[in-house]
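Asker: fold the following and give me the result.
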Amino acid sequence: MLALIGRGFQPDVPTHWVDEGVLGYLSRADALWLAETLTELSAPASRFDVVRFAVDENPAQYSELRRLVRAGHEGEDRLAGLGPDAAVWLADRGWHTTFRSRSELVAPLDRPVDNPGVGLIIAVRA
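Answerer: Modelled structure (predicted):
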């Protein structure tokens, strides 16, 4: 946090934070710490876009990805990212949240409809 401020980041100016799927690769504890830090750095009207996805991680094609992401920590807590109640967690910390499904976001592009639970949590700091 101090490194950002020391390089000119202004926490009193609204910021737009974008999670491009990174939080899902962090442990739950690390993802929550990062989101808490971003919350502390976010002025009112800041925005935080968080990807919400649902992936069955049991298929064989994901075994190598799981191994790489966990970096040898197979036995540890498998919970990752902000979790399924990320919108509630954010709301409890002063963010107003809305959800837009991937289907809704790509409808203008004439893409096929897929899992309605996958999409973007749009959080705006109160």
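Asker: so which residues of this structure form helices?
Answerer: Using DSSP state H, the helices of the chain run over 2-6, 28-40, 63-70, 86-91, 102-106.
Asker: please identify the most buried of those helices.
Answerer: helix 86-91 (a mean of 18; mean count of other Cβ atoms under 10 Å). C-beta: built from backbone N, CA, C; applies to glycine.
Asker: quick one: that helix to chain centroid distance?
Answerer: On the basis of Cα atoms, centre = their mean, to the nearest Å, helix 86-91 sits 11 Å off its chain's mean C-alpha point.
Asker: state the mean pLDDT of that helix.
Answerer: Averaged over helix 86-91, pLDDT sits at 95.
Asker: can you tell me which of the helices of the chain the model trusts least?
Answerer: Note on the helices of the chain: lowest mean pLDDT is at helix 63-70, with a mean of 64.
Asker: quick check, central residue of this protein?
Answerer: Val50 (3.6 Å; Cα atoms, centre = their mean).
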